[in-house]
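> here is my input, please return the structure:
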Amino acid sequence: MKIISLILSLMALTAASARADNNSTEALGDSCMRINDTFNAMRYYGEALQTDSSDAIKEKMAHCLFMRGEYRKCAAMLEATARKGTDSLSLETMRRLFDCYRYMDNTAKQIEWGKELLNRCPMDGIVTAYMARIYNSDDNISSPQKAYDITARYMQTDSACLPVLREYADANFLMRDYDKAINAYNRLLELGDSTYNTVYSLGMAYMQTGKNPMARKWLTKAAEKSKMQNAGCLYRLGIVCVDMDSVAEGIDYLEKSIELMQPDHTVLFVVKRALGEGYYKQGKYWSAIYAWREALKLNRNSMATIFNTAQAYGLVGKHDMEKAYYRTFLSMAALVKPNKELNQMVEQAETAVGMKENFNGNIISLPAN
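Numbers count the residues shown, from 1 in each chain. Below is the predicted model of the structure:
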């Protein structure tokens, strides 16, 4: 019996010693983390894990991995803990999982953990804003209604959280509720958020509601904030200026936007077409013709641009080209459901050509030169 008691005592002493050593090793890791020394902290936590595989030490190791940008390893370690049930997870651990998937661009997992966080902490403004941004910005999800729902719910309590208010404003813009968007962007300005995105978005919202003077004001401020380096802002500002008959200024912005523009044919077509309209209003018909022909190289199916080009050729006395463009327009118009505006355009074109013509469903090609 004495021998058995001695063995048991030795075993207890060994276990106590191991626990003491483990606690000491873990403490060394904690000490390293207090000065953000993740390299040595991982070494100590790794030693501690050899004798103690508790979730507490694993979470400390995961924190090291997160700080070192090893998000995949961090998430894998924490997910293993999470399988035991999310109720046992600390908020810090759940947030770390959320952030890991955010940095990894894993939208599905980010939404999964974002929902868990908001169920437990519905007034977490940062997570609310991140979730809303996914719904507003992710092309694969594209659900501004969901962004609106979670931000509006949050704002019933706190309407002054800037990240949430930004996403709320954008959700309204994307759902084409421009009046609500304008109110939200103006509220952001009142709270001191005069960043480029807020000013630019406000200008676009005013543009969508046809309030050109306000659109011009805020798009100008946005252009200045971007140091005239954002093509999208400049071409929208140019269009507004041309519509307000500030034609020279509008043309200047449109030309600057073309210089900056990436080869996006859809946007470049819109800019070239607007540039032609600006030149036309100035009476610079040859410049308008050139701009519109450049636009037609990008979109040969724009009936309005073809019609406008024909008009401009008539004004410079090039009646052969005028008739050629009008014939192309008429052949396309014959395939379209008529309306009052189109009928007026057809009547004008037929008068210029000098006859009505049956194209038998064929479209006449544009002139080559």
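
> any idea how many residues pack against the closest residue in space to residue 95 that isn't next to it in sequence?
When the adjacent residues along the chain are set aside, residue 95 lies closest to residue 117, with 6.5 Å between them (C-beta to C-beta, 6 or more residues apart in numbering). The C-beta positions use only the backbone N, C-alpha and C, and glycine is treated the same way. By the criterion of other C-beta atoms under 10 Å, residue 117 has 22 neighbours.

> what do you get for residue 356?
For residue 356, using other C-beta under 10 Å, the count is 8.

> what residues are up against it?
Applying C-beta atoms under 8 Å, 6 or more residues apart in numbering, we find residue 356 in contact with residue 350.

> which residue ranges of the stretch 151-300 of the chain form strands?
Assignment of strands within the stretch 151-300 of the chain using DSSP state E, counting those that start in this stretch yields no ranges at all.

> quick revisit: can you tell me the element the residue nearest to residue 95 falls in?
helix 107-120 (DSSP states H and E).

> helix or strand next in line after that helix, which one?
Using DSSP H and E, the helix or strand that directly follows helix 107-120 along the chain is helix 125-137.

> in that following helix, what counts as buried?
By 16 or more other C-beta atoms under 10 Å, the buried positions in helix 125-137 come out as 125, 127, 128, 129, 130, 131, 132, 133, 134, 135, 136.

> next, the angle helix 107-120 makes with that helix.
Angle between the axes of helix 125-137 and helix 107-120 is 140 degrees (criterion: axes from the mean of the first three to the mean of the last three C-alpha atoms, to 10 degrees).

> coming back round to it: residues in contact with the helix holding residue 117?
75, 86, 91, 94-95, 97-98, 101-102, 124, 127-128, 130-131, 134, 138, 140-141, 150.

> and what of stretch 26-46?
So stretch 26-46 is contacted by 25, 48, 52, 57, 60, 61, 63, 64, 65, 67, 68 (C-beta under 8 Å, 6+ apart).

> try stretch 202-218
173, 176, 178-179, 181-182, 185-186, 189, 199-200, 219-222, 233, 236-237, 239-241, 243-244, 246.

> and stretch 125-145, by the same measure?
95, 98, 102, 107, 110-111, 114-115, 117-118, 121, 146-147, 150-151, 154, 158, 161, 163-164, 166-168, 170-172, 174-175.

> give the buried subset of these as a PyMOL selection command.
What follows is the PyMOL syntax selecting those of the contacts of stretch 125-145 that are buried according to 16+ other C-beta under 10 Å:
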select buried, resi 95+98+102+110+111+114+117+118+146+147+150+151+154+161+163+164+166+167+168+170+171+172+174
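
> what stretches of this protein score poorly on pLDDT?
Along the chain, the parts satisfying pLDDT under 70 run over 1-23, 85-86, 263, 369.

> just give me the residue right at the centre of it.
residue 137 (4.4 Å; C-alpha atoms, centre = their mean).

> roughly how far does it sit from residue 165?
Separation of residue 137 from residue 165 (C-beta to C-beta, to the nearest Å) stands at 16 Å.

> burial of residue 201, as a residue count?
22.

> same question, the one 3 residues further on
Residue 204 has 20 neighbours, counted by other C-beta under 10 Å.

> over to residue 251?
23.

> surely it and residue 275 touch.
Yes - when contacts are counted by C-beta atoms under 8 Å, residue 251 is listed as touching residue 275 (6.4 Å).

> now do the shared contacts for these two.
With C-beta under 8 Å, 6+ apart as the test, residue 251 and residue 275 both reach residue 238.

> next one: stretch 351-361 to chain centre, how far?
The chain centroid and the centroid of stretch 351-361 are separated by 47 Å under C-alpha atoms, centre = their mean, to the nearest Å.

> what do you get for stretch 119-137?
Centroid separation for stretch 119-137 versus its chain: 16 Å, with C-alpha atoms, centre = their mean.

> gap between the two ends of stretch 132-142?
10 Å (C-alpha to C-alpha, to the nearest Å).

> got it, and stretch 206-214?
6 Å.

> and for stretch 68-87?
End-to-end for stretch 68-87, by C-alpha to C-alpha: 27 Å.

> cool, stretch 121-129 as well?
13 Å.

> how many neighbouring residues does residue 351 have?
Other residues close to residue 351 by other C-beta under 10 Å number 10.

> just the helices in the stretch 51-200 of the chain please.
55-67, 71-82, 91-103, 107-120, 125-137, 144-155, 162-174, 178-190, 196-208 (DSSP state H, counting those that start in this stretch).

> just the angle between the fifth one and helix 162-174, please?
Orientation check (the same axes, to 10 degrees): helix 125-137 against helix 162-174 gives 20 degrees.

> repeat that for the first one.
Using the same axes, to 10 degrees, the interaxial angle of helix 55-67 with respect to helix 162-174 works out to 70 degrees.

> list the helices and strands helix 55-67 packs on?
helix 2-33, helix 38-49, helix 71-82, helix 91-103 (3 or more C-beta pairs under 8 Å, 6 or more residues apart in numbering; DSSP states H and E).

> quick one on the thing from earlier: check the gap between the residue nearest to the centre of the chain and residue 78 for me.
26 Å.

> for residue 262, which non-adjacent residue is spatially closest?
Using C-beta to C-beta, 6+ apart, the closest residue to residue 262 is residue 231 (7.5 Å).

> residue 255 is in contact with the one you found, correct?
No - with contacts counted by C-beta under 8 Å, residue 231 stays clear of residue 255, the gap being 11.1 Å.
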